[in-house]
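Asker: Quick one, fold the following:
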Amino acid sequence: MKIPFMSFVPMHDEIKEEIDKTIKKVIEKNWFILGEYGEKFEDEFAKYCGCKYCVGCGNGLDALYLLLRAYEIQTGDEVIIPSNTFIATALAVTYTGAKPVLVEPNRNTYTINVNKIEGKITKKTKAIIAVHLYGQTADMDAIKSIADKYNLIVIEDAAQAHGALYKGKKAGALGDAAGFSFYPGKNLGAMGDAGAITTNDEIIAKKVRALANYGSDYKYHHIYSGTNSRLDEMQAAILSIKLKELDKWNRYRKTLADEYLNRIHHPDIIKPVVDDECEHVWHIFALRLKKRDLFLEYLIKNGIGVNVHYPVPIHLQKAYKFLRMQKGDLPIAEEISETEISIPIYYGLSEEKVDILVEKINSF
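Answerer: Have a look, this model is predicted:
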């Protein structure tokens, strides 16, 4: 039996009729950008996250970039980010002309090690991007305490944390503002690229909206040198349908994660650790072991889809050679990149397939 790393079929089968009807309505309305469906989703997602404002945009990278622009991060500035994250976190900083400053993660949770942040702060530091990695939030109280001490902006990279909780409060409402991705594979995914920002700051929300629309506050009136990054009506309509199901889908992921945590017992495998203050939404179930490449080959041969997040850390990517960092400079990020392997976890993954997966893992 083949087990794919990801399948959209179970979730989409359940909402297919509603999606078909809604897409038809969008087409019949003949209004595809900056319309009522976008406004509806922004309203709903802001309320879901516990924020006053949500502004849709083209994708998660744009969400972070637009926020940095709105906070006037620019050339000569520095922004602290974790050393193990998807490259989009760093690219958003680079696009503003600022420098990403990499901080090693906590070995247990993989989110940024708050004890190492202050050592990287300089007079040029303007912001911290707290990445909620794999579906678990960063230690936001500690991060905000440091930010308050040094007068820094805190932006959440919540691309992997739709519905995640920190001390009972949802991701997206934990910092000054947050960027979300709705890439199809996310817990809340569109049927194409899409993103959004959330914030309680009306000024920032208005700036992001203008920056994402060619820098325009109203038609043909441009107050910023903006870009084109807007959430289209089709994706917004689909996201509104899926948002109603998100908590159910997340609970299903948690059930699967509990199965894995309780039943995977291989002595060489390091399982994920959940912070007591967090409610993990399990975007990724990340295992670690030194024989990762052999394990990967073994699972693929047995019909199990797997992935690696992320095989080359940012500081060793060719795109970031200007940071002048070498192998060994960020050993924890490097260790994670060399040992991490992600196994299937998605809504509709059957008990039968979980049984097979666990048996194969324990038999490695």
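Asker: ok, how many other residues are close to residue 91?
Answerer: Neighbourhood size, residue 91 [other CB atoms under 10 Å]: 16. No exception for glycine: its C-beta is placed from N, CA and C like everyone else's.
Asker: Please give the element, helix or strand, for residue 102.
Answerer: With secondary structure defined by DSSP states H and E, residue 102 is part of strand 99-103.
Asker: meant to ask about residue 355, not that
Answerer: Taking DSSP H and E as the definition, one finds residue 355 inside helix 351-362.
Asker: could you say what helices and strands that helix packs with?
Answerer: helix 246-263, helix 292-301 (3 or more CB pairs under 8 Å, 6 or more residues apart in numbering; DSSP states H and E).
Asker: Give me the distance from it to the chain's centre.
Answerer: On the basis of CA atoms, centre = their mean, to the nearest Å, the separation between the geometric centre of helix 351-362 and that of its chain is 27 Å.
Asker: from the helices and strands packed on helix 351-362, which stretch is densest packed?
Answerer: Greatest average neighbour count among the helices and strands packed on helix 351-362 goes to helix 246-263 (a mean of 16), per mean count of other CB atoms under 10 Å.
Asker: Now the element after that helix, going C-ward?
Answerer: Next helix or strand after helix 246-263 toward the C-terminus (DSSP H and E): strand 278-279.
Asker: picking up where we left off before, tell me which residues are up against the helix holding residue 355.
Answerer: Outside of helix 351-362, the residues within contact range by CB atoms under 8 Å, 6 or more residues apart in numbering are 1, 3, 256, 259-260, 263-266, 269, 287, 298-299, 302, 304, 343-344.
Asker: can you pull the buried residues of that helix?
Answerer: Of the residues in helix 351-362, 353-354, 356-358, 360-361 count as buried by neighbour count, 16 or more other CB atoms under 10 Å.
Asker: now do stretch 71-78
Answerer: Those would be 71, 73, 77-78, for stretch 71-78 by 16+ other CB under 10 Å.
Asker: what's next to it, contact-wise?
Answerer: 79, 93, 96-101, 122, 124-127, 153, 155, 176-177, 204.
Asker: and if you look at stretch 40-47?
Answerer: Residues contacting stretch 40-47 (CB under 8 Å, 6+ apart): 52-56, 180, 196, 198, 231, 236-237, 239-240, 243.
Asker: Now the buried members of these.
Answerer: Neighbour-count burial within the contacts of stretch 40-47 applies to 53-56, 180, 196, 198, 231, 236-237, 239-240, 243; the criterion is 16+ other CB under 10 Å.
Asker: So which elements touch the host helix or strand of residue 342?
Answerer: Applying DSSP H and E as the criterion places residue 342 in strand 340-343. Other helices and strands packing on strand 340-343, by 3+ CB pairs under 8 Å, 6+ apart, are strand 285-288, helix 292-301.
Asker: Report the distance from it to the chain centre.
Answerer: Here the centre of mass of C-alpha atoms in strand 340-343, compared against the chain's by CA atoms, centre = their mean, lies 17 Å away.
Asker: Can you mark which positions in that strand are buried?
Answerer: Within strand 340-343, the residues that count as buried by 16+ other CB under 10 Å are 340-343.
Asker: what sits against the residue lying closest to residue 172 once chain neighbours are set aside?
Answerer: Of all residues beyond its chain neighbours, the one nearest residue 172 is residue 49 (3.5 Å), with distances taken as CB to CB, 6 or more residues apart in numbering. Contacts for residue 49 were tallied using CB under 8 Å, 6+ apart; they are 170-173, 178, 198.
Asker: Top of the residues you listed by number of neighbours, please.
Answerer: Taking other CB under 10 Å to define a neighbour, the member of the contacts of residue 49 with the most is residue 171, carrying 32 neighbours.
Asker: That residue and residue 283: what is the separation?
Answerer: Using CB to CB, to the nearest Å, we find residue 171 at a distance of 11 Å from residue 283.
Asker: Likewise for residue 250?
Answerer: With distances taken as CB to CB, residue 250 is found 9 Å from residue 283.
Asker: Now do the shared contacts for those two.
Answerer: 162, 187.
Asker: and residue 130, that's in a strand?
Answerer: Yes: assigned with DSSP: H, G, I helix; E, B strand; the rest coil, residue 130 falls within a strand.
Asker: And the pLDDT for it?
Answerer: In the prediction, the pLDDT value recorded for residue 130 is 98.
Asker: bridging residues for it?
Answerer: Applying DSSP bridges to residue 130 yields these beta-bridge partners: residue 156.
Asker: and it, how many neighbours?
Answerer: There are 32 residues near residue 130, going by other CB under 10 Å.
Asker: Check residue 209 too.
Answerer: Here the number of neighbours of residue 209 (other CB under 10 Å) works out to 22.
Asker: Between its first and last residues, how far does stretch 112-129 reach?
Answerer: With CA to CA, to the nearest Å as the measure, the first residue of stretch 112-129 is 9 Å from its last.
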